[in-house]
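S.K.: fold the following for me, if possible:
(one chain, ligands or ions: 1)
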Amino acid sequence: LPSADLYCDVPVNCERYLNWANAFMVVYSIDNKRSFEGCHQYLDTISLHAKGIQHDYPILLLGNKLDLEQYRQVTKAEGVSLAAKYGCLFYEVSACLEFEAVQHVFHEAAREVRREMERNLPVRPLFITEERPFLHLAAPTAVASKHGLASCTLNTLSTVNYKEIPSVAQAKLVTVKSSRAQSKRKAPTLTLLKGFKIF
Ligand SMILES: Nc1nc2c(ncn2[C@@H]2O[C@H](COP(=O)(O)OP(=O)(O)OP(=O)(O)O)[C@@H](O)[C@H]2O)c(=O)[nH]1
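M.R.: Residues are numbered from 1 along each chain as shown. Reported below is the predicted structural model:
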């Protein structure tokens, strides 16, 4: 959304962004009370949109320009309180001084989007197994599932099967012994989570 820092107190022409975005960051300057007050309208707009389509989006409220502490007009408590009111994550950062803090905020936004998507999954995730590959003309491409639960290698001309991941509740701990070790008394054992495929 257009930044509240530009004294754009009312969100305008934001339908496009509302429909397209997976997460929202609303940014104000800690040294500018007006930019903070402008955030209310943006947060209202996003909340209304989310309510309208019955979808929860991660919203992050950011107080920027933390390096201008001596000119602070918005207390951290005010930021925390506004974030709590709208169910946002809240951070204070300095875009010009703290690269890693800003990077963390963006990573956190991406993680929240993923968590939100997992919460809204209508069906359990699938993983892909490659059965009987017969020609390897193309370079294999490693593909990791978005849940990090499984990965596979795809070749353009291989047969691909889709299987459902067993649910966590079905997984059991089993103990296995190597065939060589079975004859020995103190056979070394290996404990596995039954139901999980090891790649
Ligand atoms: N001191 C300080 N100045 C900052 C910081 N972040 C941005 N600025 C300054 O604030 C002004 C506005 O920054 P922009 O990046 O243009 O902010 P914006 O509101 O997103 O503006 P648009 O990109 O035009 O939408 C610029 O002069 C920046 O240099 C910060 O963390 N500290």
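S.K.: what are the boundaries of the strands in this protein?
M.R.: Here the chain has its strands, by DSSP state E, at 24-29, 59-64, 89-92, 126-133, 141-144, 151-154, 158-164, 172-177, 189-194.
S.K.: average pLDDT across the fourth one?
M.R.: Averaging pLDDT along strand 126-133 yields 57.
S.K.: so where's this protein uncertain?
M.R.: When residues are selected by pLDDT under 70, those of the chain lie in 1-10, 123-199.
S.K.: hmm, try it at 80
M.R.: 1-14, 16, 119-199 (pLDDT under 80).
S.K.: wait, doesn't Lys76 sit right on Gly63?
M.R.: Yes. At 7.3 Å, Lys76 and Gly63 qualify as touching, with contact defined as CB atoms under 8 Å. Placement of C-beta: from N, CA and C, glycine included.
S.K.: more neighbours, these two?
M.R.: Gly63 (27 against 13; other CB atoms under 10 Å).
S.K.: residue contacts, the more buried one?
M.R.: Going by CB atoms under 8 Å, 6 or more residues apart in numbering, Gly63 touches 28-30, 36, 74, 76, 79, 90-93.
S.K.: among those, name the buried ones.
M.R.: Buried positions within these, assessed by neighbour count (16 or more other CB atoms under 10 Å), are 28-30, 36, 74, 79, 90-93.
S.K.: redo those residues as JSON lines? Include distance to the ligand.
M.R.: Formatted as JSON lines, these follow (distance: CB to the nearest ligand atom, whole Å):
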{"residue": "Tyr28", "distance to the ligand": "10"}
{"residue": "Ser29", "distance to the ligand": "7"}
{"residue": "Ile30", "distance to the ligand": "9"}
{"residue": "Phe36", "distance to the ligand": "13"}
{"residue": "Val74", "distance to the ligand": "14"}
{"residue": "Gly79", "distance to the ligand": "15"}
{"residue": "Phe90", "distance to the ligand": "16"}
{"residue": "Tyr91", "distance to the ligand": "12"}
{"residue": "Glu92", "distance to the ligand": "10"}
{"residue": "Val93", "distance to the ligand": "7"}
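S.K.: quick one: Phe24 from the ligand, how far?
M.R.: Phe24 is 14 Å from the ligand, where distance means CB to the nearest ligand atom, to the nearest Å.
S.K.: go ahead and confirm that residue touches Asp56.
M.R.: No. If you go by CB under 8 Å, Phe24 and Asp56 don't touch, sitting 11.3 Å apart.
S.K.: who has more neighbours out of these two?
M.R.: Phe24 (23 against 13).
S.K.: now do that one against Val80, distance only.
M.R.: Here the distance between Phe24 and Val80 works out to 18 Å (CB to CB, to the nearest Å).
S.K.: could you do Lys65 as well?
M.R.: 17 Å.
S.K.: tell me which of the two has more neighbours.
M.R.: Lys65 (22 against 15).
S.K.: name the nearest residue to that one, sequence neighbours excluded.
M.R.: Spatial nearest neighbour of Lys65, excluding adjacent residues (CB to CB, 6 or more residues apart in numbering): Ser29 at 4.6 Å.
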